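> 3D, please:
(one chain, ligands or ions: 1)
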Amino acid sequence: MRSPFALRLTDQHNRALTHPTPPAVPGTLYVVATPIGNLADASARALETLRQVDLLACEDTRTTRTLLARHGIERPAVALHAHNERAASAKLLAALGEGRSVALVTDAGTPGISDPGALLVEQAHRAGIRVVPVPGPNAAVAAYSAAGFAADRFVFAGFLPAKAAARRKALQSLDLPWPVILYEAPHRVLETVDDLVRQLGAEREIVIARELTKKFEEVARLPLAQAAVWLQAHAHRQQGEFVLVLGPGLVKEGDIAQAEHVLEVLLESLSASEAARLAARITGMPRNALYKLAVENRGKIPPVTPRRTR
Ligand code: SAM
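Presented below is the predicted three-dimensional model:
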């Protein structure tokens, strides 16, 4: 099977034979997942893509060079990170528009997931540039796969806010009937676990996945009541990288459907906050979650049309 790069080169060659001045053909943007620790997790296709593209867009060019050096890959690289995303994306779009192929990579895992990259990808779509994912490692999915919560869906909530008050508020909307996946920094993990016990109760199960795919990897599934003890059992337990997977809450999916219905009816004649307040009293669901749902649904509910009077 010929690689897409071979195809592209052949197409360009054919065009050059038939058109004296061929029009610029847009390049392809490859979104490439890289290892989250164990360098052996780079897929053969990811490495082939990195080897073949004209240009690499890296969150940190030095980090990516470690992976490239291991596989003897040398490609021109530019930085695209949270602080230069707009300017770097504009330059990369220009290169793509001229027909150059670009591979977008971050320091670890899948670009665009709690990582930069979405802006470039969005702009590439708008500019009619082909976007090709090259899937691979992702910390959230790796942790979820090792968590063992049987559920037909999960919520990925990324990083919670760093400030304690905002974090506690965010947690109120995460008491859900499905597993919830969180990323957390090592210096905050203990505090977050304390907040989780307060918000969700000591019985709720949690999976703490630290240092996935690395030498000191640990995956522990335990009730929230024991999480702080587990984290403090060894000095190194609060070091490294963490994914937390919360087990599903006791609220059933049917309860949510019923709450949605109650909200929908109330929103026909009440404001979002008033509808959420009453729906919480009727259904016993958390008011904050209902308010969020009400605000999201407000636009979908047809305005009340006054009845004609004769
Ligand atoms: N885009 C990445 C992905 O696909 O997983 C996530 C990037 S985010 C900036 C980094 C966070 O992901 C870390 O703070 C940690 O919560 C989680 N993470 C990344 N690598 C990990 C690992 N090896 N073990 C556990 N968590 C990890």
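> from now on I want contacts and neighbour counts done on CA atoms only, so please keep to that.
OK.
> quick one: stretch 44-64 to chain centroid distance?
Centroid separation for stretch 44-64 versus its chain: 20 Å, with C-alpha atoms, centre = their mean, to the nearest Å.
> please write out the alpha-carbon positions of it in PDB.
Extracted in PDB, the C-alpha atoms of stretch 44-64 (Å, rounded to 0.1, in the frame of the first residue of the first chain):
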ATOM      1  CA  ALA A  44       4.200   3.000  13.800                       C
ATOM      2  CA  ARG A  45       1.900   5.300  12.000                       C
ATOM      3  CA  ALA A  46       2.600   8.200  14.300                       C
ATOM      4  CA  LEU A  47       6.400   7.800  13.700                       C
ATOM      5  CA  GLU A  48       5.900   7.400  10.000                       C
ATOM      6  CA  THR A  49       3.800  10.600   9.900                       C
ATOM      7  CA  LEU A  50       6.400  12.600  11.900                       C
ATOM      8  CA  ARG A  51       9.100  11.300   9.600                       C
ATOM      9  CA  GLN A  52       7.300  12.300   6.400                       C
ATOM     10  CA  VAL A  53       5.700  15.700   7.000                       C
ATOM     11  CA  ASP A  54       7.300  19.000   5.900                       C
ATOM     12  CA  LEU A  55       6.900  20.600   9.300                       C
ATOM     13  CA  LEU A  56       6.200  19.800  13.000                       C
ATOM     14  CA  ALA A  57       4.200  22.000  15.200                       C
ATOM     15  CA  CYS A  58       5.200  21.100  18.800                       C
ATOM     16  CA  GLU A  59       4.000  22.300  22.200                       C
ATOM     17  CA  ASP A  60       7.700  22.300  23.200                       C
ATOM     18  CA  THR A  61      10.200  21.500  20.400                       C
ATOM     19  CA  ARG A  62      12.800  20.200  23.000                       C
ATOM     20  CA  THR A  63      10.400  17.600  24.400                       C
ATOM     21  CA  THR A  64       9.400  16.300  21.000                       C
END
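> now do the buried residues in it.
Within stretch 44-64, the residues scored as buried using 16 or more other C-alpha atoms under 10 Å are 46-47, 49-61, 64.
> among those residues, which ones lie close to the ligand?
Taking C-alpha under 6 Å from any ligand atom as the test, the ligand is in contact with none of these.
> which ones among the residues you listed map onto helices?
Those of the buried residues of stretch 44-64 mapping onto helices are 46, 47, 49, 50, 51, 52, 61, 64, per DSSP state H.
> how far away is the residue lying closest to residue 130 once chain neighbours are set aside from the ligand?
In this structure, residue 130 finds its nearest non-sequential neighbour in residue 28, 5.1 Å apart by C-alpha to C-alpha, 6 or more residues apart in numbering. For residue 28, the distance to the ligand (C-alpha to the nearest ligand atom, to the nearest Å) stands at 21 Å.
> pretty sure residue 28 contacts residue 129?
Yes. Contact criterion C-alpha atoms under 8 Å: residue 28 and residue 129 qualify, at 6.2 Å.
> can you list residues touching both of those two?
By C-alpha atoms under 8 Å, 6 or more residues apart in numbering, residue 28 and residue 129 have these common neighbours: residue 96.
> the more surrounded of the two?
More crowded of residue 28 and residue 129, by other C-alpha atoms under 10 Å: residue 28, with 23 against 20.
> and stretch 137-154, how far from the chain's centre?
Centroid separation for stretch 137-154 versus its chain: 13 Å, with C-alpha atoms, centre = their mean.
> I appreciate the help and will end here.
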